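>>> predicted coordinates and the sequence they were generated for:
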Amino acid sequence: MIRIISVRFIVAIFVIFLSTEIKFSVLASENKILLKVNNELITSIDILNEINYLKSINKDIDNLENKKIIEIARNSLIKYKIKKITLMPIVKKMEISDDDFKRVLISNYSNIGFTKIDEVYQHLKKYNIKPKLIRNKMTINAIWSQFIYDKYSKNIKIDIDKLKQDIQRNEGQTEYLLSEIIFDLKEKETVNEKFNIIKNAINENGFANTALIYSISETSTSGGNIGWVSENSINKKILKKIMEIDINNFTEPLVVPGGYLILKINEKRITKKNIKLEDELKKIVQIKTNEQLNQFSNIFLNKIKKDIVINEQ
């Protein structure tokens with residue numbers, strides 16, 4: 001239901017999308033309600049703002065046709081609204097500290113090379129992204145992450161002793177620069193059918209844009225980019241599949257909690273073991289924790305979506 005777009009919706013937003021060069025103050029007079037997610041509204045201006053946000057995170061989105069960009073923005077906003085709807089009865093104040101906001105903002109844009117908050121703000125200005133809008137988005141995402149951690153942290157399983165043994169055993173280790181697509185299935189859809197659709201999309205649009213379209217992971221907005229990951233932090237079964245493919249290739253779907261995982265190797269390197277055991281252990285534990293929390297988040301979102309009413313206006 002979430003990924004189906006009515007013709008009326010496409011026509012309404014497409015006309016406005018063609019006018020993105022016009023100042024937002026002018027577009028505001030044309031602002032229209034397009035969707036209701038329960039009682040939360042999504043307007044034409046919301047779609048335009050989301051498109052600008054997605055472009056600020058992943059410039060490759062410009063290579064997609066307008067209809068597909070609109071669909072990605074729509075689905076991204078629906079996901080955001082579902083998070084907000086879920087959190088509102090639980091969280092008394094939807095706010096985070098300035099320090100936490102800056103930390104989350106830099107983390108969100110670090111994949112495209114920004115390490116300073118002033119650099120991020122200058123980057124956002126280029127896309128007409130207002131401070132209040134980005135603050136609201138980062139706040140919901142940060143509170144959602146904390147909510148998922150509080151709910152599922154006891155379910156995280158990491159074998160610390162085994163990790164230590166793996167680190168000590170390897171004099172040098174391979175690291176992979178990975179991207180991911182995590183997808184789920186619609187009713188009566190098979191894994192092979194969905195994988196064929198995704199493969200065709202990768203061939204046509206590239207892996208990063210396909211992640212934007214099909215991935216349900218939190219990494220989708222950055223084109224599925226995970227970053228550099230050491231072999232010690234990768235599940236052994238998944239590592240075996242990664243080792244079977246070459247750079248710039250991707251795996252077949254791997255079963256993970258909440259869906260199916262496709263991994264692409266962008267680069268790989270071998271690093272010498274000139275690091276402290278505790279530092280490396282801390283890094284790997286964080287990666288594995290985030291990976292499992294992301295899976296729990298996807299599972300929970302899929303569960304609560306069933307009770308969400310989405311209406312075209």
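It's in. Bear in mind that the values here come from a model prediction, so they are computed numbers and not experimental data.
>>> contacts, neighbours, all on C-alpha from now
OK.
>>> distance check, the closest residue to residue 87 other than its chain neighbours against residue 297.
Excluding the flanking residues, the one nearest residue 87 by C-alpha to C-alpha, 6 or more residues apart in numbering is residue 144, at 7.3 Å. Remark: distance between residue 144 and residue 297 (C-alpha to C-alpha, to the nearest Å) = 9 Å.
>>> the two - which one has more neighbours?
residue 297 (23 against 19; other C-alpha atoms under 10 Å).
>>> backbone dihedrals for that one, please?
phi -60, psi -40 (degrees, to the nearest 10).
>>> any idea how far residue 305 is from the nearest residue to residue 128 once chain neighbours are set aside?
Closest residue in space to residue 128, ignoring its immediate chain neighbours: residue 52 at 7.3 Å, by C-alpha to C-alpha, 6+ apart. With distances taken as C-alpha to C-alpha, residue 52 is found 25 Å from residue 305.
>>> which one's more surrounded, the two?
residue 52 (20 against 16).
>>> got the confidence number for residue 187?
On the pLDDT scale, residue 187 is placed at 82.
>>> what's the answer for residue 110, then?
Residue-level confidence at residue 110 comes out at 87, pLDDT.
>>> try residue 44
For residue 44, the pLDDT comes out at 89.
>>> residue 303 too?
For residue 303, the predicted pLDDT is 90.
>>> tell me which element residue 69 falls in.
helix 66-87 (DSSP states H and E).
>>> now the element after the worst-scoring helix or strand of the chain on mean pLDDT, going C-ward?
None of the helices or strands of the chain scores lower by mean pLDDT, DSSP states H and E than helix 24-27, at a mean of 41. Next helix or strand after helix 24-27 toward the C-terminus (DSSP H and E): strand 33-37.
>>> in its sheet, which strands sit next to that following strand, and in what direction?
For strand 33-37, the pairing partners within the sheet under DSSP bridges are strand 40-43 (antiparallel), strand 310-312 (antiparallel).
>>> mind listing what's buried along the last one?
Pointing back at strand 310-312 there. If you call a residue buried by 16 or more other C-alpha atoms under 10 Å, then strand 310-312 has these buried ones: residue 310.
>>> and what of stretch 88-104?
Neighbour-count burial for stretch 88-104, counted by 16+ other C-alpha under 10 Å, picks out 95, 96, 101, 102, 104.
>>> how does this structure divide into domains?
As given by automatic domain parsing, the domain ranges for the chain are 7-153, 160-305.
>>> can you check which of the ones you listed gets nearest to residue 312?
Checking the domains of the chain against residue 312 by C-alpha to C-alpha gives domain 7-153 as the closest, at 4.7 Å.
>>> off-centre distance for that closest one?
Averaged C-alpha coordinates place domain 7-153 at 12 Å from its chain's average position (C-alpha atoms, centre = their mean, to the nearest Å).
>>> per-residue pLDDT, the residue nearest to residue 87?
Value for residue 144, per-residue pLDDT: 95.
>>> go through whichever strand or helix holds it and flag the buried ones.
Of the helices and strands defined by DSSP H and E, residue 144 is found in helix 131-152. Buried positions in helix 131-152, judged by neighbour count with 16+ other C-alpha under 10 Å: 134-135, 138-145, 147-149.
>>> and for stretch 182-197?
182, 183, 184, 191, 194, 195.
>>> could you pull up the residues touching the residue nearest to residue 128?
Listed by C-alpha atoms under 8 Å, 6 or more residues apart in numbering, the contact set of residue 52 reads 127, 128, 129.
>>> ok, residue 85 next?
Contacts of residue 85 (C-alpha under 8 Å, 6+ apart): residue 40.
>>> can you give me the pLDDT of it?
Residue 85 carries a pLDDT value of 95.
>>> repeat that for residue 28.
Looking at residue 28, its pLDDT is 47.
>>> before we move on, back to that, what's the closest of the domains of the chain to residue 311?
It is, among these and with distance given as C-alpha to C-alpha, domain 7-153, at 5.2 Å.
>>> how far off centre is the helix or strand containing residue 301?
Here residue 301, judged by DSSP H and E, is contained in helix 277-305. Between the centre of helix 277-305 and the centre of its chain there are 13 Å (C-alpha atoms, centre = their mean).
>>> swap in stretch 204-211?
With C-alpha atoms, centre = their mean as the basis, stretch 204-211 stands 14 Å off its chain's centre.
>>> cool, and stretch 229-248?
Computed by C-alpha atoms, centre = their mean, the chain-centroid distance of stretch 229-248 equals 21 Å.
>>> return the set of buried residues in it.
Buried residues in stretch 229-248 (16+ other C-alpha under 10 Å): 229, 230, 231, 232, 233, 234, 238, 242.
>>> tell me the SS of the residue nearest to the second one when sequence neighbours are not counted?
The shortest distance from residue 230 to any residue that is not its chain neighbour, by C-alpha to C-alpha, 6+ apart, is 4.2 Å, and that residue is residue 175. Reduced to three states with DSSP: H, G, I helix; E, B strand; the rest coil, the structure at residue 175 is strand.
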